[in-house]
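Novice: got a structure for you, letters missing:
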């Protein structure tokens, strides 16, 4: 399911000109990406008509784009040749991204040690303005399928990592994220009132970590600490997540916040954001 957040403001877009009005904007490339992104709403397979509906393009454009993506490996035909699905080549670009950032390479052994010490799931998420995206997920127990996949996005405002990251931003930057986000509840416990979210961010500033429960997944509690780059700007977060059937929120935070803080501290400051 697509994360319900508004479109991020692209770099250099503060001149009042929309990206599509800029001469450098390549419309054909944007159409291709729209077709790939359509699978966020519908894992596939999809017909050309369904691709058009989910991408916002007309069927003629979708047909040409799909043909191109099919023959470059980014799409494949569904079972019995019906419809289109994402192709394995999409994973190649994920691999390229993960190996391109030194932080991820440095974080892997650290997170393995944390998972062994905690006995709970340990994640690393990347800050991407209105959302965070999971780049490393170290599972400790049998858990929900989607909770173990890299690349999953969660809105910044309602995740433990997002709030830990927001606690390292200025009040104006926090306000900007809240103003541009679609504050939609993911569960019936998700905080969507800006004043309440600001309170949790301020609490994270005081505590040095953020704790969230039942807001992204029912029955889950997570603590997180922000990772800072060499400019002391938040770029990522370390999460430790467990089950409320095994822990109270208070006990979980007391037990695992020091582990998350130590891991985040060890990964902070050594490298540039990219």
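Specialist: Right, received. Where do you want to start? Computed from a prediction, not measured in an experiment: that's the story for all the values here.
Novice: and stretch 69-82, what's buried?
Specialist: 69, 74-76 (16 or more other Cβ atoms under 10 Å). Placement of C-beta: from N, CA and C, glycine included.
Novice: would you mind measuring the gap between the ends of it?
Specialist: 16 Å (Cα to Cα, to the nearest Å).
Novice: off-centre distance for it?
Specialist: Relative to its chain's centre, stretch 69-82 lies at 27 Å (Cα atoms, centre = their mean, to the nearest Å).
Novice: i'd like the first residue to be 386 from this point on
Specialist: Yep, numbering from 386; the last one is stretch 454-467 now.
Novice: report all helices and strands that the helix or strand hosting residue 511 contacts.
Specialist: Residue 511 is part of strand 506-513 when elements are defined by DSSP states H and E. Strand 506-513 is packed against helix 487-503, strand 516-523, helix 545-551, strand 619-628, with contacts defined by 3 or more Cβ pairs under 8 Å, 6 or more residues apart in numbering; DSSP states H and E.
Novice: quick one: the strands in the protein?
Specialist: 460-462, 469-471, 506-513, 516-523, 538-540, 595-598, 605-613, 619-628 (DSSP state E).
Novice: out of those, which gets nearest to residue 483?
Specialist: Among the strands of the chain, the nearest to residue 483 by Cβ to Cβ is strand 516-523 (6.4 Å).
Novice: now that closest one, how far from the centre of its chain.
Specialist: With Cα atoms, centre = their mean, you get 6 Å for strand 516-523.
Novice: ok, residues contacting that strand?
Specialist: 388, 390, 483, 486, 489, 492-493, 496-497, 499-500, 506-511, 532-541, 544, 546-547, 550, 621-622 (Cβ atoms under 8 Å, 6 or more residues apart in numbering).
Novice: hmm, 6 Å instead?
Specialist: 388, 390, 489, 496, 500, 507-511, 533, 535, 537-541, 544, 546-547 (Cβ atoms under 6 Å, 6 or more residues apart in numbering).
Novice: so for it, mean pLDDT?
Specialist: Across strand 516-523, pLDDT averages out at 93.
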